[in-house]
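> I would like to see how this sequence folds:
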Amino acid sequence: MPGDADAGARTARGSGAAGPPRTLAEALRSRGDASLTALLRARPDLLSPVPNDISQLASRAGTRASVVRALERLDRFTLQTAEALAVAPEPAPFTTLRSLVAGADGDPAVEAELPAALGRLRDQALVWGDDDRLRLVRTARELLAPSAAHPSPTGLGPTVAEATGGMSPGRVQEILTATGLPTTHDAVSAVAALTGLFTDRRRMGALLDTAPGEALAVLDRLVWGPPYGEVSANSTPPVQWLRQRGLLLPTSPHTVVLPREVALHLRGGRAHRYPEPVPPALEPRGAYSPDVVDNAAAAQAFTALDTVEELGKEWNEGGPGVLRAGGLSVRDLKRTAAALDTTEQLAAFWVELAYAAGLIAADAEADERYAPTPAYDDWQELPAPERWAVLATAWLAATRTPGLVGGQDSRGRTLSALGPDLDRGAAPEVRGRVLGLLALPPEGTAPTRESLLNRLNWERPLRGAGVTGRTEDLRTRLANWTLDESELLGITGRGALSSMGRALLPEEAGDTAAARAAQGQEPGPGDPAASDAGPLRADADGADAPGARAARAARALAPLLPEPLDHVLLQADLTAVAPGPLLRPLADLLSVAADIESRGGATVYRFTPGSVRRALDAGQSATDLHEFLKNHSRTPVPQPLTYLIDDVARRHGHLRVGAASAYVRSDDDTVLGEILADKRSANLRLRRLAPTVLATQADPATLLEGLRAMGFAPAAESAEGDVMVTRAHAHRTPARTAPAPVPDGPPRPEPLLLGAAVRAIRAGDLAATVGHKPPEGAERPTARTTGEPPRTTAAETLATVQAAVLTASTVWIGYVNADGAASQRVIAPVRVEGGFVTAYDHTADEVRTYPLHRITGVSELADDPA
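So this is what the prediction gives:
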């Protein structure tokens, strides 16, 4: 079984030859288990699927897609280090790399951070080799090295050897003569001589001392890039002087380039104009008391809960329809924004937040529309802090991006709220990292948006077409949206991270950030506080899982939210003021009996004839309303409100509407005569059946609406003549789960998977690299030589396996499973009986049983790892 990391490295190397590694596979093979585990954790795409051995791992680590993904996750200085290696000769000693990054004169800050940056490149298998022979992975070199099609961020051009590749030998000899060098017998030695001149600082300085001032000005324009320039057929004398001496070399009839060696001399040996070894500092925008920040955040959290609840009430009986392509129409979004008393962009955010939390969804009926889910009712029963924690954790994990609503996709189609194409896999990582950066300053300190974006871009620089061919600034937009949305949710207050927001961060990252902030330091790229996973990373034991952090955040918010009230303040202008959140029964009945006029710290309700009639229609009587207001008002019930309730109740039900298609009856025939005489009743086509009964072809609902528009207060009645109580019928979707995030890469591997993968790779590598003995008496090359799985007869297989049981040795087998898939395994047989062999499988790290008839061959290991 595998031992410690060093033992794993020794076993993996087997009897390998001493000396520096010759390939990336050899470099990886010499690593310990802990180092391989770190590599697979940093680059999880290498695990899909688990490589068979180290050689396959190295091959996969060098593919373009994997290298691009790894480069995109480097901080700016580590990327600059890789870019410097891409323009260095290969292999490059560490001294050459240091000169390219720090310059010929050196830079203490750069030199101090360079070993750590190089270590990160090594850890991610982007650089391999000892310090005297550093090599950048070939694919990374191709991506980062300068070329005419993809200029390097260094601004350097091709080397002298590359630029003179298509030049005639005679022209190269002419350049040697112009520079004062002796001519040679071949172009290769001529190019070597010219390169030696350009890289010799003393001789190069002497050559430039003879240059005209105008020629030096031309070099100054090209030195920091781009290195290419256009020339006319008749060049100016300064350009001709430079071309004659090879300081500018032609790439086409009208284009010249500054050779890399010349540019480096003019730059003082530096590959980058501005090396950035340390991250930019977060500049404070304002400093507040932590209590002020928490109170501001708690107020926003209360508003967030109120807004989502209002959205649920608005869609309670069934919300807007679903577009054929999915999502809300522009008209429905405007209507929702008006109902929430907010802008369309903010309405899109609240709708998407409720959708991400699983509180609303499409009902999947024939006439599909959006509605609250059963989870919405469960959510409403939770205490306010826990309801907020549900929203906050859903926002952190969601890949849906409300900020894109109203924009256009790649086909020019408008992106709609709740529609497709709103997922952006980078959103959770950016949100987590922004919160992590907000946690760095002392509590109550709000950094400037510009400095925070600069820091975020340093950690994941936008390389544009230099690496990936993309020029979008999605991370910057995501960061800006994160700052706005976190303020809306109450995760931040006045631009500073609240105590609830800090509780959502992993404890390890929060403690590290606090400790470094107390010392006036900021975390480096390798610190836990700078982890890519942000606040969603769960520890191996689950003690700091998102659920535990949500509970901490809820506990932090609980004392900051006001307690629900059981009273309102009635005023003489037919309004009621709720000075805070109301108990749910009070809020529900008040929302039926009155209309909400304004929201905020205090909610204002207005009583109208329509709202009172709505309460009467819902089954309340005038006596019930009077008693309700008397019991829940801290002020006396105003007389105008009493008169309003009594007046509406007196007229309510005076007219009865039933189904004839529809009829109206009243004990007062003069009222029915008034209705018939009113011109507004013409479209109802009423006719008198009896002195106290009118009939119409319209349905009862239309008749009720028409009479109410005329100022009457009719009541619907059943077939038995009883008044029908009308209550809102809640429409709910079937049980729905919250939408799953759509990551932009493979998920973060669990520690158990990492350990199993390393063991499988080690076992596969052992099978592929260690020597094998052919069966006794066999006169054929070993499988180790041919690179194929072992092939033996059934008798040879049985004999070899039985011998391995007796000697407790390890063997290599070829195996075909029930699906016909062939594989190679390293096993330690412990028992053979009944046509089966029971053995410890080093590849799977467990005891398994294999049918002998499925073993295609077996071979002893020449060097038993035991």
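
> next secondary structure after the top strand by length along the chain?
Of all the segments of type strand in the chain, defined by DSSP state E, the longest one is strand 822-833. As assigned by DSSP states H and E, the chain's next helix or strand after strand 822-833 is strand 836-841.

> which helices and strands sit right next to the following helix or strand past that following strand?
As assigned by DSSP H and E, the chain's next helix or strand after strand 836-841 is strand 846-851. Packing partners of strand 846-851 (3 or more C-beta pairs under 8 Å, 6 or more residues apart in numbering; DSSP states H and E): strand 822-833, strand 836-841. Heads up, the C-betas are built off the backbone N, CA and C, glycines and all.

> got these as JSON lines, with mean pLDDT, mean neighbour count and distance to Pro579 columns?
JSON lines is the format used below for the helices and strands packed on strand 846-851 (pLDDT from 0 to 100; neighbours: other C-beta atoms under 10 Å; distance: least, C-beta to C-beta, whole Å):
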{"stretch": "strand 822-833", "mean pLDDT": "85", "mean neighbour count": "18", "distance to Pro579": "72"}
{"stretch": "strand 836-841", "mean pLDDT": "88", "mean neighbour count": "19", "distance to Pro579": "70"}
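
> the stretch 651-800 of the chain: helices as residue ranges?
669-677, 700-709, 751-769, 783-786, 794-807 (DSSP state H, counting those that start in this stretch).

> among these, which is the most enclosed?
helix 751-769 (a mean of 21; mean count of other C-beta atoms under 10 Å).

> just the angle between that helix and strand 846-851, please?
Angle of helix 751-769 versus strand 846-851, following axes from the mean of the first three to the mean of the last three C-alpha atoms, to 10 degrees, is 50 degrees.

> ok now helix 751-769, how far from the chain's centre?
How far helix 751-769 lies from its chain's middle: 30 Å, per C-alpha atoms, centre = their mean, to the nearest Å.

> mind checking the pLDDT average for it?
Here helix 751-769 scores 80 as its mean pLDDT.

> output the contacting helices and strands for it.
helix 5-13, helix 33-42, helix 54-61, strand 822-833.

> buried residues in the third one?
By neighbour count, with 16 or more other C-beta atoms under 10 Å as the criterion, the buried positions of helix 54-61 are Ile54, Ser55, Gln56, Leu57, Ala58, Arg60, Ala61.

> quick one: which of these is nearest Ser189?
Ala58 (36.5 Å; C-beta to C-beta).

> contacts only, for the nearest residue to that closest one once chain neighbours are set aside.
Excluding its sequence neighbours, the residue lying closest to Ala58 (C-beta to C-beta, 6 or more residues apart in numbering) is Ala25, at 3.9 Å. Counting by C-beta atoms under 8 Å, 6 or more residues apart in numbering, Ala25 touches Ile54, Ser55, Leu57, Ala58, Ser59.

> what's the farthest-apart pair in these?
Among those, Ile54 and Ser59 lie farthest apart (C-beta to C-beta), at 9.7 Å.

> next, count neighbours for the residue nearest to Glu459 when sequence neighbours are not counted.
Closest residue to Glu459 in three dimensions, ignoring its sequence neighbours and counting by C-beta to C-beta, 6+ apart: Asp75, at 5.1 Å. The number of residues packed near Asp75 is 20, by other C-beta atoms under 10 Å.

> hang on, Asp75 packs against Pro277?
No: between Asp75 and Pro277 there is no contact under C-beta atoms under 8 Å: 10.0 Å.

> among the helices and strands packed on strand 846-851, which is nearest Gly32?
Closest among the helices and strands packed on strand 846-851, using C-beta to C-beta: strand 822-833, at 19.4 Å.

> what lines up beside the closest one in the sheet?
With DSSP bridges as the test, strand 822-833 is paired with strand 811-816 (antiparallel), strand 836-841 (antiparallel).

> what's the closest of those to Ala339?
Of all those, strand 836-841 comes closest under C-beta to C-beta, at 62.5 Å.

> just how off-centre is the closest one within its chain?
44 Å.

> other residues contacting that strand?
By C-beta under 8 Å, 6+ apart, strand 836-841 touches 1, 763, 801, 825-832, 846-852, 855.

> angle of that strand against helix 794-807?
Using the same axes, to 10 degrees: strand 836-841 against helix 794-807 is 50 degrees.

> the nearest residue to Val811 once chain neighbours are set aside and Tyr815, how far apart?
In space, and not counting its chain neighbours, Val811 is closest to Ala804: 4.9 Å by C-beta to C-beta, 6+ apart. Using C-beta to C-beta, to the nearest Å, one gets 15 Å for the distance from Ala804 to Tyr815.

> including distance to Arg120, could the helices of the stretch 651-800 of the chain go into JSON lines?
Shown next, in JSON lines, are these (distance: least, C-beta to C-beta, whole Å):
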{"stretch": "helix 669-677", "distance to Arg120": "84"}
{"stretch": "helix 700-709", "distance to Arg120": "70"}
{"stretch": "helix 751-769", "distance to Arg120": "19"}
{"stretch": "helix 783-786", "distance to Arg120": "36"}
{"stretch": "helix 794-807", "distance to Arg120": "44"}
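
> what's the closest of these to Leu305?
Nearest to Leu305 among the helices of the stretch 651-800 of the chain is helix 700-709; the distance by C-beta to C-beta comes to 34.1 Å.

> that closest one - contacts with which helices or strands?
Partner elements for helix 700-709 (3+ C-beta pairs under 8 Å, 6+ apart): strand 656-658, strand 662-665.

> for the residue nearest to Glu459, which residues are in contact?
Per C-beta under 8 Å, 6+ apart, neighbours of Asp75: Pro279, Trp458, Glu459, Arg460, Pro461, Pro525.

> could you tell me which of those belong to helices?
Trp458, Glu459 (DSSP state H).

> off-centre distance for the longest strand of the chain?
That offset, for strand 822-833, works out to 43 Å (C-alpha atoms, centre = their mean).

> list of residues touching it?
Taking C-beta under 8 Å, 6+ apart as the rule, strand 822-833 contacts 52, 763-764, 766-768, 789, 798, 801-802, 804-805, 808-817, 837-843, 847-848, 850, 852, 856, 861, 866.

> excluding chain neighbours, what is closest to Thr112?
For the record, residue 112 is Ala, not Thr. Nearest non-adjacent residue to Ala112 (C-beta to C-beta, 6+ apart): Pro277, at 7.3 Å.
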